[in-house]
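> Everything below, folded, please.
(2 chains)
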Amino acid sequence: MSRKLLGIAAVTACFSLMPLAYGAEIVVDQHNKEFSESAITIKVGDSVKFVNEDDIVHDVHSMSEGYEFDLGVQKPGSETTYTFDKPGVVKVRCAIHPKMKLDVTVE
Amino acid sequence: MQSRSFVAAAVCTLAITAAVLLTAGRSDLAGAIGPATELPPETAKLIAEYQRPSSIPFPEDNPHSDAKERLGRALFFDPRLSRSSMQSCSSCHNPSFAWGDGLPKGVGDRMTQLGRRSPSILNLAWAEAFMWDGRFETLEQQALGPIQSGVEMNMSVADLLPRLQAIGEYRRLFAAAFDGNPEITADKIAMAIATFERTVVSGAAPFDRWTAGDAGAISEAAQRGFVLFNGKANCAACHSGWRFTDDSFHDIGLPGDDIGRGKQLPNIEKMQHAFKTPGLRNIDRRFPYMHDGSASTLEAVIELYNTGGIQRASRSDEIKPLGLTEQEKADLLEFLKTLTGDDPPVQYVMLPR
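Sure, this is the predicted structure:
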């Protein structure tokens, strides 16, 4: 019984460590209606964590062909992560505040 | 990256705070206002966010020149850019109506009523995402839109180019604006019009004199209105900065079938019924209001925001019933009136023949 539990614990530990094996996480802040970066270059499988440091909502999206996505409403203080799983050049914008721009080059 | 961005933010905050404290004698402003008004200490900090820029930005790929501005002004005021030869850009963006047309909805070719109100073109050099639904990214892209729209100026580029080419003075204006090359193209038309539009900037208003340190430039009621604008009424969540807009898109809860930016972004809930946040310079001269001209007065606009409009999933999180008192509504109105100033007279042109 205890060996079975140990086995289950080991498998669970492996699964919880898997995200670290998949790619780096880059943090981009949303502050004063601006992204903290205007352009970044990342690798396939990397994630970007958007942190809303404003006291208003944002809504990160992309209309780049083949790389369309919408992360939905981001309440103040929230964190939203998106994994870039294929190569390309992605124009990330805030749908509400389109002056907020982040160009992501995925290699 | 996270620790770097935190350090950068901290340094910036310290620098900005120092700049605010050191500049232009803000500490005397609160004391000079008058005994009846006790301004919150944050007001001086707020005022720093409304300082006017010192110059107009022009893009690198379309820099300003006097010749290009002169050509753009001619094109902007020239009704021959429309099929009927009766309608120019300035017909709907009329300097005499604060660069709008004073109508609830625009009127186009053969008196066709358009779907939305003609926006003002004031202060667009700093703006992005043009039109009520933001479908044009740059002024250059926008300029040819109404010209070619069947219900607006109803003119094709194919017909417009020979029409202008036949006018000798236009060939000379194009050559002067574009390195001696007299060839007339759609791109050059757009670049020239955009260059002229960028020069359309609001003059100094009483509000600007107040933020520059003239304590008596606006009334105490207006000063209370400024505090409400940035606080309880939550206007500055979107109508921020010296242009009184952050160029963002919101559903403010208005009735109607027009879904605005929802047509561009059908899958994004918050973009349904969302329209561009207009600037508020010269606002008391720019009635009627809203994308459909449905609010005739500023009082009606204030009341609309006070109630919060239609509660629906797409409504902006910034919109909610405000609970403003009658005094607060009156103070807000007084503040909004201080945003109208003495705009410089507009130079009319003898059009090329």
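> Spatially nearest residue to A:Thr83, not counting backbone neighbours?
A:Ser47 (4.4 Å; CB to CB, 6 or more residues apart in numbering or on different chains). Any C-beta I mention is one placed from the backbone N, CA and C, and that applies to glycine too.
> Hmm, the one you found is touching A:Phe84, no?
Yes. Counting by CB atoms under 8 Å, A:Ser47 touches A:Phe84, with 7.2 Å between them.
> Give me the residues contacting stretch B:118-128.
Stretch B:118-128 has contacts (CB atoms under 8 Å, 6 or more residues apart in numbering or on different chains) with A:98-99, B:53, B:56-58, B:92-93, B:98-101, B:103, B:106, B:130-132, B:137-139, B:197-202, B:243, B:245, B:247, B:276, B:278-279, B:281-282, B:286.
> before we move on, what about stretch B:91-104?
For stretch B:91-104, using CB under 8 Å, 6+ apart, the contacting residues are B:76, B:79, B:106-107, B:117-122, B:146, B:152, B:200, B:282, B:285-288, B:292-294, B:343, B:346.
> Show me those that map onto helices.
Taking DSSP state H, the ones among the contacts of stretch B:91-104 that sit in helices are B:Phe76, B:Pro146.
> Now that we have the contacts of stretch B:91-104, which of them are buried?
B:76, B:106-107, B:117-122, B:146, B:152, B:200, B:282, B:285-288, B:292-294, B:343 (16 or more other CB atoms under 10 Å in any protein chain shown).
> So which of the residues you listed are in strands?
Judged by DSSP state E, strands contain none of the buried ones among the contacts of stretch B:91-104.
> Remind me which helix or strand the residue nearest to A:Gly23 when sequence neighbours are not counted belongs to.
Among residues not flanking A:Gly23 along the chain, A:Gly45 sits closest, at 3.5 Å (CB to CB, 6+ apart). Counting by DSSP states H and E, there is no helix or strand that carries A:Gly45.
> per-residue pLDDT, A:Gly45?
pLDDT, A:Gly45: 96.
> residues contacting it?
Going by CB under 8 Å, 6+ apart, the list of residues near A:Gly45 reads A:Tyr22, A:Gly23, A:Thr83, A:Phe84, A:Asp85.
> related to what we said a few turns ago, list the residues that contact the residue nearest to A:Thr83.
By CB under 8 Å, 6+ apart, the neighbours of A:Ser47 are A:Gly23, A:Ala24, A:Glu25, A:Ile26, A:Thr81, A:Tyr82, A:Thr83, A:Phe84.
> repeat that for 7 Å
By CB atoms under 7 Å, 6 or more residues apart in numbering or on different chains, the contact set of A:Ser47 is A:Gly23, A:Glu25, A:Thr81, A:Tyr82, A:Thr83.
> Across the sheet, point out what pairs with it.
A:Glu25, A:Thr83 (DSSP bridges).
> quick one: it from chain B, how far?
In this view, A:Ser47 and chain B are 12 Å apart by CB to the nearest CB, to the nearest Å.
> and chain A, which residues reach chain B?
A:26-27, A:29, A:31, A:33, A:36, A:56-57, A:59, A:61, A:70, A:73, A:95-99 (CB under 7 Å from any CB of the partner chain).
> in the stretch 101-250 of chain B, which spans are helices?
B:139-148, B:157-165, B:168-177, B:186-198, B:206-211, B:220-230 (DSSP state H, counting those that start in this stretch).
> Quick one: closest of the ones you listed to B:Met350.
helix B:168-177 (9.1 Å; CB to CB).
> residues in contact with that closest one?
So helix B:168-177 is contacted by B:65, B:67-68, B:70-71, B:74, B:164-165, B:181-182, B:184, B:188, B:192, B:352-353 (CB under 7 Å, 6+ apart).
> if you set the cut-off to 8 Å instead, what comes out?
B:65, B:67-68, B:70-71, B:74, B:164-165, B:181-184, B:188, B:192, B:352-353.
> Show me which of the residues you listed are buried.
B:Ser65, B:Ala67, B:Lys68, B:Arg70, B:Leu71, B:Ala74, B:Leu164, B:Ile184, B:Lys188, B:Ala192, B:Pro352.
> any idea how far the spatially closest residue to A:Asp46 that is not a sequence neighbour lies from B:Arg315?
Using CB to CB, 6+ apart and skipping the chain neighbours, the partner closest in space to A:Asp46 is A:Gly23 (4.2 Å). As judged by CB to CB, to the nearest Å, A:Gly23 and B:Arg315 stand 37 Å apart.
> more crowded one of those two?
B:Arg315 (21 against 16; other CB atoms under 10 Å in any protein chain shown).
> residues touching that one, list them.
Here B:Arg315 is in contact with B:Asp251, B:Ile252, B:Gly253, B:His273, B:Gly308, B:Gly309 (CB under 8 Å, 6+ apart).
> give me the beta-bridge partners of it?
B:Asp251.
> Find me the pLDDT at B:Thr37, would you?
45.
> what's near enough to touch B:Asp342?
Contacts of B:Asp342 by CB under 8 Å, 6+ apart are B:Gly203, B:Ala204.
> need the strands for the chain, in chain order.
No chain was given, so I picked chain A. Under DSSP E, chain A gives strands at A:25-31, A:34-35, A:39-42, A:47-52, A:60-62, A:69-70, A:79-83, A:88-94, A:101-106.
> I was after chain B.
Using DSSP E, strands in chain B cover B:249-250, B:275-276.
> neighbours of B:Val151, just the number please.
Other residues within reach of B:Val151, judged by other CB under 10 Å, total 15.
> same thing with A:Arg3?
Neighbours around A:Arg3, by other CB under 10 Å: 7.
> how much space between it and B:Gly260?
From A:Arg3 over to B:Gly260 (counting by CB to CB), the distance is 63 Å.
> low-confidence ranges in the stretch 101-250 of chain B?
In the prediction, the stretch 101-250 of chain B carries no residues with pLDDT under 70.
> Flag every residue of it that's near chain A.
Within the stretch 101-250 of chain B, the positions lying close to chain A (CB under 8 Å from any CB of the partner chain) are B:Glu128, B:Ala129, B:Gly134, B:Ala237, B:Asp246, B:Asp247, B:Ser248, B:Phe249, B:His250.
> what about the fourth one, neighbour count?
Neighbouring residues of B:Ala237 were enumerated by other CB under 10 Å; the total is 20.
> what do you get for B:Gln311?
10.
> picking up where we left off before, CSV for the helices of the stretch 101-250 of chain B, including distance to B:Ala44?
Formatted as CSV, the helices of the stretch 101-250 of chain B follow (distance: least, CB to CB, whole Å):
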stretch, distance to B:Ala44
helix B:139-148, 35
helix B:157-165, 52
helix B:168-177, 45
helix B:186-198, 31
helix B:206-211, 10
helix B:220-230, 12
